[in-house]
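Engineer: Sequence isn't available, so here's the structure alone:
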């Protein structure tokens, strides 16, 4: 792998930048692999990286229907945080955040992590008590978080309408200062480049069409590039998990929904922290390029249509303008949607499936991006070792049968 | 934008005026005889089709009646709307 460094930048510059190599290989698929991962988004690519790096399994293929990171990895609002309520969730999400903090060095790829703080606004006494409760929970989980008063909030977010005459008067905010944003494409690209250099074959434009089974095992995968043999299969396909599960012959407790986001034209830096508001139902942050990225609640009906609707633009924008009246002057530039996999208890599904050699990573719902390194590490462990990693024990598909749900619904910044 | 004509009040409603009620036709098994697996399936497992999907909607900003719809989950084309006690194709 060609290393990215200041010395190399200068050297390549002096050679008129003709010596740069592609970040990953574009191989022709082999007839069979030890492990095949379906889905070339962040979770699938991270899985391949950990299989090759931690478990020495290098005869691995990642099959991607479209282009790398073209699904939810490239469609989210780029926020990372780990303020989850239950110890088992906090352990997973904080593992991911700690990886992101060292990812640029480990992957030799600048993911542009910017830890400017993630806050949830507090509007009334009940929310204040809930926030205090949450801060205590986080402390028990070893994750930091604090409550700031109106004066500190005004200092951090000067454009926020905190007047008593606002539609929803604000009392303060919960903040996790390690929360922040990442250049989301860079996560897919960084993992793809590192995995490819360890020998993983990344095959784009390769759609999975069906499985060839012997007994209760998958021994081949029919794809748009022909049949590919496999020993074990991992799937990390988010909103399309039910479609792949249906091919493999089982059902999932998943419904697919459309989650929309939008971005304004770039403006000067005016908003440092990520702000999420339970009262108006929106979250907003400013990218390092200057655009305001906004989103709100998911579409409540089940959908695989990766596109947005005008009624959601209207709802989101009116809420944003209520919070930040000055943003009424900016224009919207783009608007898109991704398909998220919603599970009844808002927690991921990791590990074994009813098919002996098929392992799953899905159910992250609206918050999969922030968990990518952990999701990949945990699926890789299941594929290589054949059983759950200790961090994933509470997140098996069998929890729905044993009625041990991990109800994280309350920990989302916005009630989805 | 999804637009459906309610089969009870015969008014056209947009998705903003309707409430989604999930998959249609889920039958509750007899709890005295159902196995744990059947009960788990009933409570949690969903068909989640990519394509034509039978589902329940409520005319919540109108007459308040629940009805059943067959809709394409990618194009959002509504191909059938029936009253709740009628069967979808």
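Structural biologist: Happy to help now that I have it. Treat the numbers as computed from the prediction; the structure is a model and nothing was measured.

Engineer: For chain B, what lies in contact range of chain A?
Structural biologist: Neighbours of chain A within chain B, by Cβ under 8 Å from any Cβ of the partner chain: B:1-2, B:14-16, B:19-20, B:22-23, B:36-37, B:40-41, B:43-50, B:53, B:55, B:73-76. To be clear about C-beta, it is placed using only N, CA and C from the backbone, and glycine gets the same treatment.

Engineer: Is it correct that residue A:277 is in contact with residue A:122?
Structural biologist: No - look at residue A:277 against residue A:122 with Cβ atoms under 8 Å: they stay out of range, at 9.8 Å.

Engineer: The residues of chain B next to chain A, buried ones only, as a PyMOL selection?
Structural biologist: A single PyMOL command selects the buried members of the residues of chain B next to chain A (16 or more other Cβ atoms under 10 Å in any protein chain shown):
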select buried, chain B and resi 2+15+20+23+40+41+44+45+46+47+48+49+50+53+55+73+76
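
Engineer: quick one: the residue in the stretch 51-200 of chain A that chain B sits nearest to from residue B:47, how far?
Structural biologist: Closest contact between the stretch 51-200 of chain A and chain B, by Cβ to the nearest Cβ, is at residue A:65 (12.3 Å). Using Cβ to Cβ, to the nearest Å, residue A:65 is found at 21 Å from residue B:47.

Engineer: Likewise for residue A:260?
Structural biologist: Distance, residue A:260 to residue B:47, using Cβ to Cβ: 24 Å.

Engineer: Ok, residue A:170 next?
Structural biologist: Between residue A:170 and residue B:47 the computed distance is 43 Å (Cβ to Cβ).

Engineer: And residue A:58, by the same measure?
Structural biologist: Relative to residue B:47, residue A:58 is positioned 38 Å away (Cβ to Cβ).

Engineer: Excluding covalently adjacent residues, which one is nearest to residue A:199?
Structural biologist: In this structure, residue A:199 finds its nearest non-sequential neighbour in residue A:58, 3.9 Å apart by Cβ to Cβ, 6 or more residues apart in numbering or on different chains.

Engineer: element containing residue A:312, please.
Structural biologist: Assigned by DSSP states H and E, residue A:312 falls within helix A:310-323.

Engineer: ok, that helix near chain B or not?
Structural biologist: Yes - remark: helix A:310-323 sits within contact range of chain B at A:310-311, by Cβ under 8 Å from any Cβ.

Engineer: That helix - contacts with which helices or strands?
Structural biologist: If contacts are counted by 3 or more Cβ pairs under 8 Å, 6 or more residues apart in numbering or on different chains; DSSP states H and E, helix A:310-323 sits against strand A:255-264, strand A:274-277, strand A:282-286, strand A:292-296, strand A:332-342.

Engineer: for the stretch 301-416 of chain A, what spans make up the helices?
Structural biologist: Ranges of helices in the stretch 301-416 of chain A, per DSSP state H, counting those that start in this stretch, are A:310-323, A:372-385, A:399-402.

Engineer: Please look at residue B:42 and residue B:25 and confirm they touch.
Structural biologist: No - counting by Cβ under 8 Å, residue B:42 sits too far from residue B:25 to count as a contact (12.0 Å).

Engineer: Tell me which of those two has more neighbours.
Structural biologist: residue B:42 (14 against 11; other Cβ atoms under 10 Å in any protein chain shown).

Engineer: residues touching the residue nearest to the more buried one when sequence neighbours are not counted, list them.
Structural biologist: Nearest non-adjacent residue to residue B:42, counting by Cβ to Cβ, 6+ apart: residue B:29, 5.5 Å away. Neighbour list for residue B:29: B:38-39, B:42 [criterion: Cβ atoms under 8 Å, 6 or more residues apart in numbering or on different chains].

Engineer: residue ranges with poor pLDDT in chain A?
Structural biologist: Scanning chain A for pLDDT under 70 picks out A:410-416.

Engineer: Where do the domain boundaries of it fall?
Structural biologist: A:6-73+A:184-247+A:346-407, A:118-177+A:256-342 (automatic domain parsing).

Engineer: among the ones you listed, which is the most enclosed?
Structural biologist: Mean neighbour count (mean count of other Cβ atoms under 10 Å in any protein chain shown) peaks for domain A:6-73+A:184-247+A:346-407 among the domains of chain A, with a mean of 20.

Engineer: Can you give me the end-to-end span of that domain?
Structural biologist: One end of domain A:6-73+A:184-247+A:346-407 sits 46 Å from the other (Cα to Cα, to the nearest Å).
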